[in-house]
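1. what shape does this take:
(chains A and B)
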Amino acid sequence: AQSVTQLGSHVSVSEGALVLLRCNYSSSVPPYLFWYVQYPNQGLQLLLKYTSAATLVKGINGFEAEFKKSETSFHLTKPSAHMSDAAEYFCAVSDEDDYKLSFGAGTTVTVRA
Amino acid sequence: DGGITQSPKYLFRKEGQNVTLSCEQNLNHDAMYWYRQDPGQGLRLIYYSQIVNDFQKGDIAEGYSVSREKKESFPLTVTSAQKNPTAFYLCASKTSISYNEQFFGPGTRLTVL
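-> Predicted structure coming up:
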């Protein structure tokens, strides 16, 4: 089974600063990778996904992520944080049968004015 | 608008009672999923169904049951055998195309009194 590690359960950034959320996965085959965002008491919304096309993936709300096979990483970045980016972020990797996802424990982002 | 609906948003249950959470989708997706979310643990898969009249256990199926009689509906029953049912429950759905993402409903927060 796949597994996902998100380094840092909580990240605090200043408004306008870089947001960097780390995600490492374990996979014996090239995976599909996803980043989701969750606002309090809501469901998950897809930010972006990697499906073995371009290694640099652009998503919604100015986020992007880079797939690095050699490092088994899929870190999420945004150049300039906005107050509306305060939320919980989850990295997920598809299972070999591509029907199931394994989720990381999540990273909560707070944005300081 | 296409999407996933979950009801109710909040649910309170007395110990020893069974309770059923509703999940309906009008996205024409084949696969549906139930997850449990607890603080700091990410999402854990309870059950999933790839096709009508078929479903499989996920990682934490004990104390839960499901049915899939219609493509649009995937209700989850939390039984009295579930020792710690207080949690946030999320339903998701997906097409049969492997690299497509899962779409999530808004969630149901279950509290056992």
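
2. dump the residue contacts of B:Pro75.
-> B:Thr20, B:Leu21, B:Ser22, B:Cys23, B:Val66, B:Ser67 (Cβ atoms under 8 Å, 6 or more residues apart in numbering or on different chains). Placement of C-beta: from N, CA and C, glycine included.

3. what subset of those residues is buried?
-> B:Leu21, B:Cys23, B:Val66 (16 or more other Cβ atoms under 10 Å in any protein chain shown).

4. show me what the first one is bridged to.
-> Beta-bridge partners for B:Leu21, by DSSP bridges, are B:Leu76.

5. list the contacts for it?
-> Residues near B:Leu21 by Cβ under 8 Å, 6+ apart: B:Gln6, B:Ser7, B:Leu11, B:Trp34, B:Pro75, B:Leu76, B:Thr77, B:Val78, B:Tyr89, B:Cys91, B:Thr108, B:Leu110.

6. just the ones in helices from the residues you listed, please.
-> The helices, defined by DSSP state H, take in nothing from the contacts of B:Leu21.

7. nearest to A:Leu18 among the buried ones among the contacts of B:Pro75?
-> Closest approach to A:Leu18 among these (Cβ to Cβ): B:Cys23, at 37.6 Å.

8. and the pLDDT for that closest one?
-> pLDDT, B:Cys23: 98.

9. name the element it belongs to?
-> B:Cys23 belongs to strand B:19-25 when assigned by DSSP states H and E.

10. give me the pLDDT value at residue 18.
-> No chain specified, so I'll use chain A. Value for A:Leu18, per-residue pLDDT: 98.

11. nope, chain B please
-> 94.

12. near chain B, anything from stretch A:42-53?
-> Yes: interface with chain B: stretch A:42-53 contributes A:Gln42, A:Gly43, A:Leu44, A:Gln45, A:Leu46, A:Lys49, A:Thr51, A:Ser52 (Cβ under 8 Å from any Cβ of the partner chain).

13. near chain A, which residues of chain B show up?
-> B:4, B:31, B:33, B:40-45, B:48, B:50, B:58, B:88, B:90, B:92, B:94, B:98-99, B:101-107, B:109.

14. so where's the chain shaky on pLDDT?
-> You didn't pick a chain, so chain A it is. Applying pLDDT under 70 to chain A flags residues A:1, A:28-30, A:96, A:98.

15. please refer instead to chain B.
-> Scanning chain B for pLDDT under 70 picks out the ranges B:1, B:98.
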